[in-house]
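>>> just coords:
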C-alpha cells in the first residue's frame, strides 16, 4: 500500500485545519514508569500498602507502537494519581521504589533525567513528564478508542480499551464508532496521510496536527459530529459494516482460535490474557503481526480493504468514479485538498 507514494502536487499550498480538538497524544514517560507484565502481576498480588491501598490501583496495561505493529509486549504502567506529594506516592511501596531506583538505557534514574530537563521537568519527578490527563479523560468516556503509531511502515489503526494507556508514540482518536475507524483506515485517509505526513527513515510519520487535523472527512461523518447522529445513516452503516469485517478478519488471523488460550488476569475486571497453546503455537504467533500482514497483503485482506474503500467513496459521492477506476491516488489528493480548502474557507467566515 505504501510503495507508490502519491505525488506532492500541492506542496506550495497549505492545507488548513478543520478538525480541532482531536487526536490527543499518548503519555510521555521520560523515565522507567513501564514494567514487564511479570513484575506488575507480582506487585498486584502483594499485600495492601501502608495506605491500605493495593498496587493494582496504580497499574495499567500500556501500549506503544511496537504493540500495534508487532505482538503485544505485555508491559504495564505505574500510574500514580496525579498531584500526590512525594510522601503519599511513596506509600505505594514497590512501584515507588522502582521509579526511584530503576535506570534507563543510559544509566540514569528518573531524578537524574528530570534534572537534565531543568525548569521543563515539572515539580513532581514521580509523575510521568507529560501525563496527558485530557487524553485519559477522553478514553475513559468511550467504550473503546482508536490508535495509530506515529511512525510505521504501514498506516495501521487498531482498537484499544480503557484501562489500557497509550504511549506518546501512539496517536489517540477517542471515538468508538466503526464508521470513524473505517474512514481512517480507508485509502482516502491513507493517501492524505502519506502526502501530509513526513518520513522517519523508511517509515512514514503520522502527525495529529498536519494529518488528522487537516483531513476532510465525508461531511456527514466529521469528527465533531457525535456518532449517534449518523448511526442509522445507510452510508455510515455500510462503512461501519466493512470496517467491522476488516477488523474481525484481522483479529482472526492475528490470534487463531486453535493457537491461543485465554487466561484470567490476576486482578478481576481486566481483560483475559491471550496466551499461545504451546511452543509451536508461540513460534507461529510471533510471525503474525500487522506489519507482516500488510507487507504480504493476502487476497482476503485486499478484498476487505476494497469493500471498505468503496463504502467510503460512496460517502464522498465518488462511488461511481471509484468503481470506474478514475480515482487514482493523485486524483484522490486533488479532490481531498479541494474539500479541505472549501471547508476551511467556510469556517473562516
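Here it is on my side, so go on. Computed from a prediction, not measured in an experiment: that's the story for all the values here.
>>> check contacts around the closest residue to residue 24 other than its chain neighbours.
Nearest residue to residue 24 in three dimensions, chain neighbours excluded: residue 135, at 3.6 Å (C-beta to C-beta, 6 or more residues apart in numbering). Placement of C-beta: from N, CA and C, glycine included. When contacts are counted by C-beta atoms under 8 Å, 6 or more residues apart in numbering, residue 135 touches 24-27, 166, 172, 174.
>>> List the residues that contact the residue lying farthest from the centre of the chain.
Distance from the centre of the chain peaks at residue 50, with 36.2 Å (C-alpha atoms, centre = their mean). Residues near residue 50 by C-beta under 8 Å, 6+ apart: 91, 93.
>>> how close does it sit to residue 296?
53 Å (C-beta to C-beta, to the nearest Å).
>>> same thing with residue 182?
Counting by C-beta to C-beta - residue 182 and residue 296 are separated by 22 Å.
>>> Of these two, which one has the most company?
Using other C-beta atoms under 10 Å, the more surrounded residue of residue 182 and residue 296 is residue 182, with 29 against 8.
>>> pull the helix or strand with minimum mean pLDDT from the chain.
Taking mean pLDDT, DSSP states H and E as the measure, the chain has strand 198-200 as its least confident helix or strand, at a mean of 53.
>>> returning to that earlier point: is it true that the residue farthest from the centre of the chain lies in a strand?
No. Counting by DSSP: H, G, I helix; E, B strand; the rest coil, residue 50 is not part of a strand but coil.
>>> where do the helices sit along the stretch 51-200 of the chain?
Using DSSP state H, counting those that start in this stretch, the helices of the stretch 51-200 of the chain run over 65-69, 86-89, 93-101, 110-117, 133-140, 178-184, 187-196.
>>> and residue 282, which of those helices is closest to it?
For the helices of the stretch 51-200 of the chain, proximity to residue 282 was assessed by C-beta to C-beta; helix 65-69 is nearest, at 17.0 Å.
>>> Pull out the buried positions in stretch 49-57.
49, 54-57 (16 or more other C-beta atoms under 10 Å).
>>> Can you give the contact residues for stretch 147-158?
Counting by C-beta under 8 Å, 6+ apart, 1-2, 26, 63, 65, 68-69, 146, 160, 166, 169-173, 181, 184-185, 189-190, 193-194, 200, 202-207, 290-291, 294-295 sit against stretch 147-158.
>>> quick one: average pLDDT of it?
For stretch 147-158, the mean pLDDT works out to 95.
>>> Any figure for the gap between the spatially most central residue of the chain and residue 166?
Nearest residue to the geometric centre of the chain (C-alpha atoms, centre = their mean): residue 147, 1.6 Å. Relative to residue 166, residue 147 is positioned 6 Å away (C-beta to C-beta).
>>> and what of residue 96?
Taken as C-beta to C-beta, the span from residue 96 to residue 166 is 23 Å.
>>> Counting neighbours, go ahead and name the busier of the two.
residue 166 (26 against 21).
>>> Can you tell me, leaving aside adjacent residues, what's nearest to the more buried one?
Nearest to residue 166 is residue 26, by C-beta to C-beta, 6+ apart, at 3.5 Å.
>>> what sits against that neighbour?
64, 132, 135, 147, 165-172.
>>> switch to 7 Å and redo it
132, 135, 166-170, 172 (C-beta atoms under 7 Å, 6 or more residues apart in numbering).
>>> ditto for residue 261
Neighbours of residue 261 in contact, by C-beta under 7 Å, 6+ apart: 275, 277.
>>> and the host helix or strand of it, which strands flank it?
Per DSSP states H and E: residue 261 is located in strand 260-263. Applying DSSP bridges to the sheet, strand 260-263 is found paired with strand 273-276 (antiparallel).
>>> Not counting the partner strand itself, show me its contacts.
In contact with strand 273-276 (C-beta under 7 Å, 6+ apart) are residues 255, 259-263, 265, 282, 285.
>>> Try it again at 6 Å.
Residues outside strand 273-276 that contact it (C-beta atoms under 6 Å, 6 or more residues apart in numbering): 255, 260-261, 263, 282, 285.
>>> Per-residue pLDDT of the closest residue to residue 72 other than its chain neighbours, please?
Distances taken as C-beta to C-beta, 6+ apart place residue 63 nearest to residue 72, at 7.0 Å, with adjacent residues excluded. Here, the pLDDT recorded for residue 63 equals 97.
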